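Predicted structure and sequence below. I'll ask about it afterward.
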Amino acid sequence: YVMDAAGYGDSITTVKSTIKALDTNYAAVYYPWVKIVDRDTSRPVWVPPSVVLPGVISYTDRVAHEWFAPAGFNRGLVNNATSVGYIDAEGEFVPEVLNQGQRDVLYTNKINPIAFMPGRGLTVWGQKTLHTITSALDRVNVSRLVAFLRRRFDDMVQPFLFEPNDEFTRTQVLSVFN
């Protein structure tokens, strides 16, 4: 699940305070908003990152697997966006080039930056989940791997539902899982 923690004009500080109380490894937050071109009108449109992240994640699944990070130069490029930034008080889009310090502050606060990288373009530069405990589950790729394994294990155990809980059945289940 990809969350939008930022409204039109929200600053990094506002975004940090918005997500502070959330604790789940099933969601990730990305910042800032992105500017894309509407296919129908050819006009620029400012959208939350949740609009472009499914494309990044599906690209990762197409070229790799669920347990690969949907971030970085190989799988995290945001090709359908032209800029990142925020909307100011006058309703104007202000491009924002996140520097290393800003990216570090965001990532430390469980917010995955979408940053312009010279020579590469707009790139998802993080894969933190909203899990508050430091563990493998505070990474998007690990959480997606766990979800993948749960689906596979659920499929594998279906033939054994309603069978006797005896040594024979347990041996069969173990054989299938191994």
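Perfect, I can see it now.

Where does the prediction get shaky in the protein?
Counting by pLDDT under 70, the chain shows low-confidence ranges at 1-21.

Can you list the buried residues in the helix of greatest length in it?
Ranked by residue count under DSSP state H, the longest helix found in the chain is helix 140-157. Neighbour-count burial for helix 140-157 flags 140-146 (criterion: 16 or more other Cβ atoms under 10 Å). Every C-beta, even on glycine, is put in place using the N, C-alpha and C of the backbone.

next one: stretch 84-92
Those would be 84-87, for stretch 84-92 by 16+ other Cβ under 10 Å.

Which of those residues sits closest to residue 161?
residue 84 (48.1 Å; Cβ to Cβ).

Would you mind confirming that that closest one makes contact with residue 30?
No - contact status for residue 84 versus residue 30: not in contact, 9.8 Å apart, counting by Cβ atoms under 8 Å.

Need the overlap of contacts for these two.
Listed as contacting both residue 84 and residue 30 by Cβ atoms under 8 Å, 6 or more residues apart in numbering are residue 114.

Which parts of the chain are helices?
So, for the chain - with DSSP H - the helices run 12-19, 53-63, 72-75, 100-108, 140-157, 167-177.

circling back: just put the buried residues of helix 140-157 in JSON lines and tack on distance to residue 58.
JSON lines is the format used below for the buried residues of helix 140-157 (distance: Cβ to Cβ, whole Å):
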{"residue": "140", "distance to residue 58": "14"}
{"residue": "141", "distance to residue 58": "14"}
{"residue": "142", "distance to residue 58": "19"}
{"residue": "143", "distance to residue 58": "16"}
{"residue": "144", "distance to residue 58": "12"}
{"residue": "145", "distance to residue 58": "17"}
{"residue": "146", "distance to residue 58": "19"}
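
closest to residue 174 among these?
Nearest to residue 174 among the buried residues of helix 140-157, with distances taken as Cβ to Cβ, is residue 146, at 20.8 Å.
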